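My questions concern the predicted model and sequence given below.
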Amino acid sequence: MSAADIVQRQLEAYNAQDLDAFCATYAEECVIADLNGAVTQAGMAEIRARYAKTFADFSQNRAWVEHRMALGDVVIDHEKGERSPEGPFFEALVIYTVKDGRIARVDFVK
């Protein structure tokens, strides 16, 4: 499975709000950070807690890819999304680094 396939599987689980399938795409020691900035989550427990809250708070939450680039183990998505059809809306560049078949690092540009 390619890095882009793994990131796509993660996006599909995110949109289905399937927390277990979503977390299964991440490495246990995964780091989520703002690009060149603070680490916002480190490790599976923090990632699971963040997205459990997101899914609970925004039951209509979804995201889609405007553009994707992939090279080797790195996937860069231009993502847009919404918390509900009425908003709020969000947009980010998301840089995924995949190692051993799982997402090992995510850097957000917002």
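Sure, I can see it.

Going by C-alpha atoms from here, please, whenever you check contacts or count neighbours.
Fine.

Just give me how far stretch 103-110 sits from the chain centre.
How far stretch 103-110 lies from its chain's middle: 7 Å, per C-alpha atoms, centre = their mean, to the nearest Å.

same thing with stretch 35-55?
Distance of stretch 35-55 from its chain centroid, counting by C-alpha atoms, centre = their mean, is 10 Å.

Buried residues in it, which are they?
For stretch 35-55, burial by neighbour count (16 or more other C-alpha atoms under 10 Å) applies to Q41, M44, I47, R48, Y51, F55.

Same question for stretch 66-79.
D73, V74, V75, I76, D77, H78, E79.

Could you do stretch 5-17 as well?
Buried, per 16+ other C-alpha under 10 Å, within stretch 5-17: I6, V7, Q8, R9, Q10, L11, E12, A13, Y14, N15, A16, Q17.

Which of these sits closest to K110?
Nearest to K110 among these is L11, at 17.7 Å by C-alpha to C-alpha.

so where do the helices sit in this structure?
For the chain, applying DSSP state H gives helices covering 3-16, 19-23, 44-57.

Which one, of these, ends up nearest to V109?
Here helix 3-16 is closest among the helices of the chain (C-alpha to C-alpha), at 16.7 Å.

residues making contact with that closest one?
Contacts to helix 3-16, defined as C-alpha atoms under 8 Å, 6 or more residues apart in numbering, come from residues 19, 21-23, 25, 61-64, 70, 72-75, 96-98, 101-103.

and the residues you listed, which of them are in strands?
Of the contacts of helix 3-16, the ones assigned to strands by DSSP state E are R62, A63, W64, A70, V74, V75, Y96, T97, V98, R102, I103.

Scan the residues you listed and report the most crowded one.
Among those, the one with the most neighbours (other C-alpha atoms under 10 Å) is I103, at 27 neighbours.

and the closest residue to it other than its chain neighbours, how far is that from L19?
Nearest in space to I103, with sequence neighbours left out and distances taken as C-alpha to C-alpha, 6 or more residues apart in numbering, is Y26 at 4.5 Å. Using C-alpha to C-alpha, to the nearest Å, Y26 is found at 11 Å from L19.
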